[in-house]
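**Q** sharing a model prediction with you, sequence too.
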Amino acid sequence: MSARSLFISWLALKAAIFGLLFILLSFNYIFSTNTFWYDVNFDSSRASKAIAGIGSNIDKFDQYGYTALMIAAQNGETSSVDLMIKNGANVNLTANNDIGDSALHTALWNMSPKVIGTIDLLLKNNSNPLLKNKQKRTPLIMTVRANAPEDFKKVLDMFIAKGVDINYPDDTGRSLLFSVVDQTKHDILNALQTDYKHLIDFDLKDKSGKTVTQLAATKGDIQDSLKPLVFKQLGPSMSVNSYDPRYSFNKDFTLIMVAAIKGKDDYLSEAIKKYGGDVNLSDKIFGNTSLHWACLYNRLKCVGVILENNIDFSNKNKADINLKNKAGMSPIHCLWGIRSSADRISAAKLLYDAGANFNAQDNNGNTFLHNAVLWADVDFVKLIATDDYFVHRVNFNIKNKDNKTAFDLAQKFIQDYKYLEISNLLRNYNNIYYVGTKDKQVGITALMLACIRGDQATAKTLIAEVKDAINKKDKNGDTPLHFALRSRNIDIAKMLIAAGAKVNEKNNLGDTPLNEVINIFDKAQREEIVKLLLEKGSGISENKNGENIMHLAVRKNMPELILFLKQNFGKSAKNKDGKTAYDLAKEIGKKSDAMKEVINALDGIAPVASTKR
């Protein structure tokens, strides 16, 4: 063997000996260290001896950067933690790794009943509950890891007893409450709101300027525990009607609008009914109300919630269905945000039944029929042109500011097959007399159609040219005046009355035009037309249910109408169930406080004989 080969072999042997020695020393370190950790964590009978034997190395880090105290704290080995502290372990030493937790941090990793005693011991030995690890998290913030609200409250009470401010923010400016909301820990949030409400700063902003209220409002999972954070019960400054950016997306929207946009119908319902949410407020950019937004964002359930509120006697905050935004659009113009034609049709009927004007025009003079044409919604136009519900209520001859009817718009885009179909659907309505002088099914005349649709120009022409049309009846016994009042077309009603329409004419149900005024939502208009009818000799008469205008006013919760008519009505008139208007009000009043005004209006009014015809 050459000298060179001998030298290489000698070097290899030397390296092997040193490597073996390193392994033996490392194994001895690991074995002795792990034996120590095993003893202090899992063998209490050997813990005392192990702790006494380690001496000054009690704060030694393991290969992961943790001390035995940190591991014992994590496992809830309270007796071992106590022994190590008494032997000089540093309770505020942080881990030698990228996390940098203290023993109090590690105790909170898997917070359970077992570690609560350990946490208490650490705090009593001056463990810092506000010490930040390398991720800038304090033990206070980590209390959110509790699995049960009872454990959370026990630990939080310990922190508070040490003088900890539970609003202490992390480096992003977020407090414990932010973490609870961010992680949607509903049980813990309920505990905070119930037991620590007096200590929590709900208006605290993080460094981005957001409050916990904003965070709660934008969470996808809005459950019962989050609702109070976006409702006013948590503080006098909070309100579902506030434009304050702390409580909404930004300064231009209220939380009611946010609920409608996000489609939170249950949340919206509670905001309206319980917290006085004002659905008639409009945003500061577009002027849209919550109802506009619900239509624009395809939130049909939210539309239903808002409109349901309109027939709830107990709620005085009713939506103004015809409020216009800055573009002059009412909610009826916004139906094209609702994707399904069937849903649009349902929403249109809901809106009309709640008082919407099908013939309202926006700033460009367009009605919702113009919009249906512009959107080439063949299905919707087909229904409007063929369904009596719409045919008898929509004015097909309204012109926009470009002097175009919906039919004219369809003609403009005739090269598109969809518009050709729409044009054919509307062709029959492109004349002043609509479908002739009479609808074959129910005997509706052109004047009746004009009254229903609010077409004043056509009504004026027909009243002047067709003298006997004013008092003609359809198969249900309704006259044009019945239709005008039922459809809330006041100006046409006044034209008919001025032209000699019979104000006491009854339909097949026994209702006179006076009974139809309950369909008029505007109080001033209602009072004006009632006064005019009375001046023309309208009497208080009973329909086939034995009810007069006062019974009907009670059912519609119209105390001001009762007061206006108090000299002309009698409390003694009974309906077919043997109830007077007063009886009816008292019965409904048992279910609704709002009926108190009606009862007060009825009280003290001397009974007079009702007029039967």
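**A** Thanks, I have it. Residues are numbered from 1 along each chain as shown.
**Q** pLDDT at Ala107, what is it?
**A** Predicted confidence (pLDDT) at Ala107: the value is 93.
**Q** err, Asp474, not the other one
**A** pLDDT, Asp474: 86.
**Q** was I right about Ser127 contacting Asn92?
**A** Yes: between Ser127 and Asn92 there is a contact under C-beta atoms under 8 Å: 6.3 Å. (Glycine included, C-beta is placed from N, CA and C.)
**Q** hey, what's in contact with both of these two?
**A** Applying C-beta atoms under 8 Å, 6 or more residues apart in numbering, one finds that Ser127 and Asn92 are jointly contacted by Ser102.
**Q** neighbour count winner among these two?
**A** The residue with more neighbours, out of Ser127 and Asn92, is Ser127; 22 against 13, by other C-beta atoms under 10 Å.
**Q** ok, the more buried one - contacts?
**A** By C-beta under 8 Å, 6+ apart, the contact set of Ser127 is Val91, Asn92, Ser102, Ala103, Leu104, Pro139.
**Q** how much space between it and His551?
**A** 74 Å (C-beta to C-beta, to the nearest Å).
**Q** derive a ChimeraX selection command for the buried subset of the contacts of Ser127.
**A** Filtering these down to the buried ones (16 or more other C-beta atoms under 10 Å) takes a single ChimeraX command:
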select :91,102,103,104,139
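**Q** of the contacts of Ser127, which is the nearest to Arg453?
**A** Nearest to Arg453, judged by C-beta to C-beta, of the contacts of Ser127 is Pro139 at 70.5 Å.
**Q** does the closest one touch Arg145 like I think?
**A** No: using C-beta under 8 Å as the test, Pro139 is too far from Arg145 to be in contact (10.2 Å).
**Q** buried stuff in stretch 364-380?
**A** In stretch 364-380, counting by 16+ other C-beta under 10 Å, buried: 366-374, 376-378, 380.
**Q** can you check stretch 80-95 too?
**A** The neighbour-count criterion (16+ other C-beta under 10 Å) identifies Ser80, Val81, Asp82, Leu83, Met84, Ile85, Ala89, Val91, Thr94, Ala95 as the buried residues of stretch 80-95.
**Q** CA atoms of it as PDB?
**A** C-alpha atoms of stretch 80-95 as PDB (Å, rounded to 0.1, in the frame of the first residue of the first chain):
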ATOM      1  CA  SER A  80     -44.100  20.800  37.500                       C
ATOM      2  CA  VAL A  81     -44.600  24.400  36.400                       C
ATOM      3  CA  ASP A  82     -44.700  25.400  40.100                       C
ATOM      4  CA  LEU A  83     -41.500  23.400  40.900                       C
ATOM      5  CA  MET A  84     -39.600  25.000  37.900                       C
ATOM      6  CA  ILE A  85     -40.700  28.500  38.900                       C
ATOM      7  CA  LYS A  86     -39.500  27.900  42.400                       C
ATOM      8  CA  ASN A  87     -36.200  26.700  40.900                       C
ATOM      9  CA  GLY A  88     -35.700  29.900  39.000                       C
ATOM     10  CA  ALA A  89     -37.400  29.300  35.600                       C
ATOM     11  CA  ASN A  90     -38.100  32.500  33.800                       C
ATOM     12  CA  VAL A  91     -41.800  32.800  33.200                       C
ATOM     13  CA  ASN A  92     -41.400  35.600  30.600                       C
ATOM     14  CA  LEU A  93     -38.600  34.000  28.600                       C
ATOM     15  CA  THR A  94     -39.700  33.600  24.900                       C
ATOM     16  CA  ALA A  95     -39.100  30.700  22.700                       C
END
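**Q** tell me which element Gly279 falls in.
**A** You called it Gly, but residue 279 is Val. For Val279, there is no host helix or strand (DSSP states H and E).
**Q** from what I can see it touches Ile256, true?
**A** Yes: using C-beta under 8 Å, Val279 is in contact with Ile256, at 6.2 Å.
**Q** quick one on the thing from earlier: nearest to Tyr389, of the buried residues of stretch 364-380?
**A** Looking across those and measuring by C-beta to C-beta, the closest to Tyr389 is Phe380, at 12.7 Å.
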